[in-house]
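Novice: Below: sequence and its predicted model.
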Amino acid sequence: MTREEKAIAIEDLTAKLAGVNVIYLADTSGLDAETTSNLRRACFKAGIKLEVVKNTLLEKAMEASETNYGELPSVLKGNTSIMIAEAANGPAKIIKEFRKKSDKPLLKGAFINEEIYIGDNLLDSLVAIKSREEVIAEIIGLLQSPAQRVIAALQNQEGKEDAAE
């Protein structure tokens, strides 16, 4: 790769990282072609961009970015795949699902809404993070609950009055 090609690759990676709030770094080495293809397909269906990247280029893209990735560049060793998503727990769920059949992919680290997570031991914690839609649904459910109780009580009261007549 020439210097110009590297510079272009770094610019492309920097552009991909710009404005992204959910980035996972995973080790996908050792996966056979079929498993890798299945992983890519699962990521595509979930709206996750999966790409194998060169560590040095990704590190330089992170340095060039306006975002502070903290200790995340320190995990850039060996084979690295980057997973870019909208939902904070999307890539973690896919990694966990694939780990039922294999010991890979391994979670190296994640950047989620300006928080840094380092290490495969945090996979379960990342799976438990609620997506924006899940949080909104939970809030709506909580807001509807008191109203539903009032309506149920009023309907129950009307039923008693009708029975008394």
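Specialist: The structure has been received and is ready for your questions.
Novice: what residues go with each domain of the chain?
Specialist: What automatic domain parsing lists as the domains of the chain is 3-129, 130-165.
Novice: Can you tell me which of those domains is most buried?
Specialist: Greatest average neighbour count among the domains of the chain goes to domain 3-129 (a mean of 16), per mean count of other Cβ atoms under 10 Å. For every residue, glycine as well, the C-beta is placed using N, CA and C.
Novice: Quote the end-to-end distance of that one.
Specialist: The first residue of domain 3-129 is 40 Å away from its last residue (Cα to Cα, to the nearest Å).
Novice: can you start the count at 390 instead of 1 from here on
Specialist: With 390 as the first residue, the last one maps to domain 392-518.
Novice: just how off-centre is that domain within its chain?
Specialist: Relative to its chain's centre, domain 392-518 lies at 9 Å (Cα atoms, centre = their mean, to the nearest Å).
Novice: What's the mean pLDDT across the longest helix along the chain?
Specialist: With secondary structure taken from DSSP state H, the chain has its longest helix at helix 521-553. Across helix 521-553, pLDDT averages out at 72.
Novice: which helices and strands sit right next to it?
Specialist: Contacting helix 521-553 under the criterion 3 or more Cβ pairs under 8 Å, 6 or more residues apart in numbering; DSSP states H and E is no other helix or strand.
Novice: hey, what's Lys438 bridged with?
Specialist: Ile473 (DSSP bridges).
Novice: got a list of what it touches?
Specialist: Contacts for Lys438 were tallied using Cβ atoms under 8 Å, 6 or more residues apart in numbering; they are Lys405, Cys432, Ile471, Met472, Ile473, Ala474.
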